[in-house]
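Colleague: next come a sequence and a model predicted from it.
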Amino acid sequence: MITDFYDKAHCLVLDKRYQEFTETSLKELKSVSIEPELFVAGDGSHDLIYDHIDTKDLPEVIDGTTGYPTWLRRPNPYNAWLCHKKMFESFLEGEGKNLLLLEDDVRVEDDFLEVFGKAEEFFHNNDWDMIYLGCYVNDRNPVEATSNEYVYRVRGSGGFHGVIINKRVLSLLNRFNPIGPFDWITGQFIHKQEWANCFAINPCIISQKSGYSYVEDGVLDKPSRYIA
C-alpha cells in the first residue's frame with residue numbers, strides 16, 4: 001500500500017482553492033487511503049485557519065538564483081517556497097522518516113492502485129530518496145529505465161504536486177537559501193548527485209489539473225502523464 005512508504009502527508013492548499021480541493025481532490029486522495037494534513041496559505045480573507053499569510057515580498061537576488069522569470073517578478077513563487085519550507089520544518093521536528101508532499105491542484109488517476117501495485121515491489125527492494133507519484137521531465141533531463149517497467153530514475157525532473165521525500169533529502173533542502181522553487185532546486189542540486197536515488201512512477205498516478213497557475217501567472221495545460 002502507498003501508506004507503507006510515508007509517515008505523514010502534507011498538502012499545500014491555497015485559500016482560494018480550499019472549497020474546490022475539499023470537494024474534489026481531497027475525496028480522490030482519501031479513496032486511495034491518503035489523508036493529508038492541510039497547510040493553508042493565502043491572503044487571510046477567508047474564514048480558515050492559516051499556516052501562512054501570503055506576503056508581497058520578492059526573494060532577494062543572491063548567488064545561484066534561478067533565471068526563471070516569475071521567480072523575481074511575482075511574489076507567488078516565493079510564497080510557495082516559504083510554505084514548502086514550513087512544511088519541511090514541521091516534518092523534520094518529528095520522528096518520521098518519509099514525507100508525502102502534495103499540492104491542492106492534484107488529480108488522482110483512476111488506475112492509481114493498479115499502477116502503484118505494479119511498482120511498489122521495486123521500492124520495497126531498493127534504496128530510494130524520492131518517489132515521484134507525478135512529475136515533469138524534458139529532453140535536457142532524460143529519465144533512466146530500471147528493472148521495473150513502471151519505475152524510472154530521474155535526473156532533473158520538476159513538480160512537487162505528489163512526491164514522497166525521505167528525511168535525508170528534506171534536511172538538505174531545508175538548508176537552501178531562496179534561489180528558486182524547491183522542485184527546481186531539487187532537480188538541479190539533488191537529483192544529479194551520484195548518491196541520490198530519485199525515482200518516478202510511470203505513468204504518473206497523481207497528476208496536476210490543467211488551469212490557472214498562481215505560481216506561473218497563467219493558464220497551464222498539463223502534459224501527458226507518461227514521462228517515458
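Modeller: Nice, thanks for sending it over.
Colleague: got phi/psi on the most centrally placed residue in the chain?
Modeller: Residue closest to the average C-alpha location in the chain (C-alpha atoms, centre = their mean): residue 160, at 1.7 Å. Phi and psi for residue 160, reported as degrees, to the nearest 10, are phi -120, psi 30.
Colleague: show me the contacts for it.
Modeller: 84, 101, 103, 181-183, 186 (C-beta atoms under 8 Å, 6 or more residues apart in numbering). For the C-beta atoms, the positions are set from N, CA and C on the backbone; glycine is no exception.
Colleague: do residue 38 as well
Modeller: Residue 38 touches 11, 13, counting by C-beta under 8 Å, 6+ apart.
Colleague: next secondary structure after the host helix or strand of it?
Modeller: Under the criterion of DSSP states H and E, residue 38 resides in strand 37-42. Counting by DSSP H and E, the element after strand 37-42 in chain order, helix or strand, is strand 52-53.
Colleague: check which element follows the longest helix along the chain along the chain.
Modeller: Using DSSP state H, we find that the single longest helix of the chain is helix 75-92. Using DSSP H and E, the helix or strand that follows helix 75-92 in sequence is strand 98-103.
Colleague: given that next one, what are its sheet partners and their directions?
Modeller: Strand pairing for strand 98-103, determined by DSSP bridges: strand 8-14 (parallel), strand 162-166 (antiparallel).
Colleague: could you export it as PDB, CA atoms only?
Modeller: What follows is strand 98-103, C-alpha atoms only, in PDB (Å, rounded to 0.1, in the frame of the first residue of the first chain):
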ATOM      1  CA  ASN A  98       9.400   9.900   4.900                       C
ATOM      2  CA  LEU A  99       7.000  12.700   3.900                       C
ATOM      3  CA  LEU A 100       4.400  12.700   1.200                       C
ATOM      4  CA  LEU A 101       4.200  16.200  -0.200                       C
ATOM      5  CA  LEU A 102       1.100  17.200  -2.100                       C
ATOM      6  CA  GLU A 103      -0.400  20.400  -3.700                       C
END
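Colleague: mind checking the pLDDT average for that strand?
Modeller: What strand 98-103 shows for mean pLDDT is 98.
Colleague: so it versus strand 37-42, what angle?
Modeller: For strand 98-103 against strand 37-42, the angle by axes from the mean of the first three to the mean of the last three C-alpha atoms, to 10 degrees is 40 degrees.
Colleague: list the neighbouring strands of whatever helix or strand comes next after strand 98-103 plus their orientation.
Modeller: As assigned by DSSP H and E, the chain's next helix or strand after strand 98-103 is strand 106-108. If you go by DSSP bridges, strand 106-108 pairs up with strand 206-208 (antiparallel).
Colleague: any residues touching the strand it pairs with, and which ones?
Modeller: 102-103, 105-109, 112, 133-134, 159, 161-162, 220, 222, 225.
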